[in-house]
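Peer 1: Okay, here's the prediction I keep looking at, along with the sequence it came from:
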Amino acid sequence: MRIQTALVLGLALAAVGCASTSKVMIGAARPAIAPEQVMVYFSPPPGRYDEIAMLETSSGGLTYGEQNKMDEVIGKLRTAAAGLGANGVLFEGSASGYGGSNVGVGIGGGRFGGSSHVGGGIGVSITPTPKHARGIAIHVYDPPAPGSQPRQPVD
């Protein structure tokens, strides 16, 4: 029972470790705000803004569907920016990572004690290809009204 608990805990920690967002500070952080207050910009916003941090993230290992992956990485960028007090993220782009579904086939044989043995197997992986995204956490001095920006594009 302890081994099963340790295995489940280890897998959960591994999955959480893959879900982090990296931050490289390039400016001063501000007091944290709610992620819902962070706007995503696909081109530089009008007016003056300060850059706070470069952000990189990726979708989780079990996220299926391109729109779901994009929504997840945008949400992670917004959450990371909010934690730094940024009221905007200047989206720099996304890309699909390595991985995806594949099938492997193996055959083996051997001889032991005068008997021959042959075995075979098929392995299937249905892990989705992750989506990676980059952005810059920014503080916009005169942000546009909420709802005035277009919906994010899907790659």
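Peer 2: Cool, the structure landed. Numbering: from 1, shown residues only.
Peer 1: going forward, measure contacts and count neighbours with C-alpha atoms only.
Peer 2: OK.
Peer 1: Look up which residues are beta-bridged to Asn22.
Peer 2: If you look again at residue 22, you'll see it is Ser, not Asn. Glu56 (DSSP bridges).
Peer 1: and it, how far is that from Tyr64?
Peer 2: To Tyr64, Ser22 is 22 Å away according to C-alpha to C-alpha, to the nearest Å.
Peer 1: how about the longest helix anywhere in the chain: buried residues?
Peer 2: Ordering each helix of the chain by length in residues (DSSP state H) puts helix 66-83 first. Of the residues in helix 66-83, 66, 69-70, 72-83 count as buried by neighbour count, 16 or more other C-alpha atoms under 10 Å.
Peer 1: and Val40, what does it touch?
Peer 2: The contact partners of Val40, taken as C-alpha atoms under 8 Å, 6 or more residues apart in numbering, are 74, 78, 88-91.
Peer 1: Please name the nearest non-neighbouring residue to Leu84.
Peer 2: Setting aside the residues directly before and after it, Leu84 is nearest to Ala29 in space (C-alpha to C-alpha, 6 or more residues apart in numbering), at 5.1 Å.
Peer 1: Specify the local secondary structure of that neighbour.
Peer 2: coil (DSSP: H, G, I helix; E, B strand; the rest coil).
Peer 1: measure it to Leu90 for me?
Peer 2: 16 Å.
Peer 1: and if you look at Ser115?
Peer 2: 67 Å.
Peer 1: mind exporting the helix or strand containing Leu90 as PDB, just the C-alpha atoms?
Peer 2: Using DSSP states H and E, Leu90 sits within strand 88-96. Taking Å, rounded to 0.1, in the frame of the first residue of the first chain, the C-alpha atoms of strand 88-96 are listed here in PDB:
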ATOM      1  CA  GLY A  88      -1.100  43.000 -19.300                       C
ATOM      2  CA  VAL A  89       0.800  40.300 -21.200                       C
ATOM      3  CA  LEU A  90       2.300  41.100 -24.600                       C
ATOM      4  CA  PHE A  91       1.900  37.700 -26.300                       C
ATOM      5  CA  GLU A  92       5.000  36.800 -28.400                       C
ATOM      6  CA  GLY A  93       3.900  33.500 -29.900                       C
ATOM      7  CA  SER A  94       3.300  29.800 -29.500                       C
ATOM      8  CA  ALA A  95       4.600  26.600 -30.900                       C
ATOM      9  CA  SER A  96       3.800  22.900 -30.700                       C
END
